[in-house]
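Trainee: A predicted structure for the sequence below; I have some questions about it.
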Amino acid sequence: MSTQPLSNPNSTPQNSVQAPQQKAKLPLVSVALFQPDMPQNVGAAMRLCACMGVGLHIIEPCGFLWKEKEFRRSGMDYRELVHLTRHASWQAFQNARLSPSQADGPFNAPSRLVLMTTKGAMPLYEFEFQDHDILLMGQESKGAPDHVHESVDGRVLIPMHGAARSLNIVNACAVSLGEAIRQTCYAPSAASPATAQA
């Protein structure tokens, strides 16, 4: 009695035709930390942004002395891989953002500020992100002050389960950044012109 190997139900038949995979475009969103309190969170944000290929803005003053060794401890060698821009103040950040100029600079196109906050007006998964959006994270201890809330283009919250109040700031950044990249780079409407014509 001859035996035949069992077929793998997850395997693709040799004579089937597979649709070409859509090539995602490079992410054009970025992250900004408003007056961060904890250097270890800044280091973790550096690593996150380096891995996701997005820029990181630090809006000073920070709640700690800026020491490279602190960031190397939490961000390892990702400090050299992230496109980091430090701004002396909120006003300096806004002045630079609202006057985009250099083609290869941190602000090379008009942008929207999207504040991630527990006081957000719209759940994360209902918000429509756009290219060049800047995901703004408030302070770990106090969030963002009223004048920042009044200056942004969108206020977004991450829905929490049960009685849980909030995520660690870098975890919240990772969740929101992942959704922004998914929408702007991987959704069908985000296909690059070359891909759309293929």
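Mentor: Nice, thanks for sending it over.

Trainee: check which helix or strand covers the residue nearest the centre of the chain.
Mentor: Nearest residue to the geometric centre of the chain (Cα atoms, centre = their mean): L177, 2.9 Å. According to DSSP states H and E, L177 maps onto helix 169-181.

Trainee: find the nearest non-adjacent residue to V114, please.
Mentor: What sits nearest to V114 in space, not counting adjacent residues and going by Cβ to Cβ, 6 or more residues apart in numbering, is G154, at 4.5 Å. Bear in mind the C-beta positions are built from the backbone N, C-alpha and C, glycine included.

Trainee: now do the contacts for the one you found.
Mentor: 112-115, 121-122, 127 (Cβ atoms under 8 Å, 6 or more residues apart in numbering).

Trainee: which helices and strands does the helix or strand hosting M46 pack with?
Mentor: In the assignment (DSSP H and E), M46 maps to helix 39-52. In this structure, helix 39-52 packs against strand 30-34, strand 55-59, helix 68-75, helix 169-181, with contacts taken as 3 or more Cβ pairs under 8 Å, 6 or more residues apart in numbering; DSSP states H and E.

Trainee: just put the contacts of G154 in TSV and tack on pLDDT.
Mentor: Shown next, in TSV, are those (pLDDT from 0 to 100):
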residue	pLDDT
R112	96
L113	97
V114	97
L115	97
A121	82
M122	94
F127	97
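
Trainee: any quick ChimeraX command for the buried ones out of the residues you listed?
Mentor: Of those, the buried ones can be selected in ChimeraX as follows, counting by 16 or more other Cβ atoms under 10 Å:
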select :112,113,114,115,127
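
Trainee: ok, which stretches of this protein are helices?
Mentor: Along the chain, counting by DSSP state H, helices occupy 39-52, 68-75, 90-97, 146-149, 169-181, 193-197.

Trainee: select, out of those helices, the one closest to L135.
Mentor: Each of the helices of the chain has some distance to L135 by Cβ to Cβ; the shortest is helix 169-181, at 5.5 Å.

Trainee: contact partners for L26?
Mentor: 53, 185.

Trainee: just to revisit the earlier point, okay, the helices of the chain in CSV with distance to H83 and mean pLDDT next?
Mentor: Shown next, in CSV, are the helices of the chain (distance: least, Cβ to Cβ, whole Å; pLDDT from 0 to 100):
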stretch, distance to H83, mean pLDDT
helix 39-52, 8, 92
helix 68-75, 13, 64
helix 90-97, 14, 94
helix 146-149, 23, 96
helix 169-181, 14, 96
helix 193-197, 25, 40
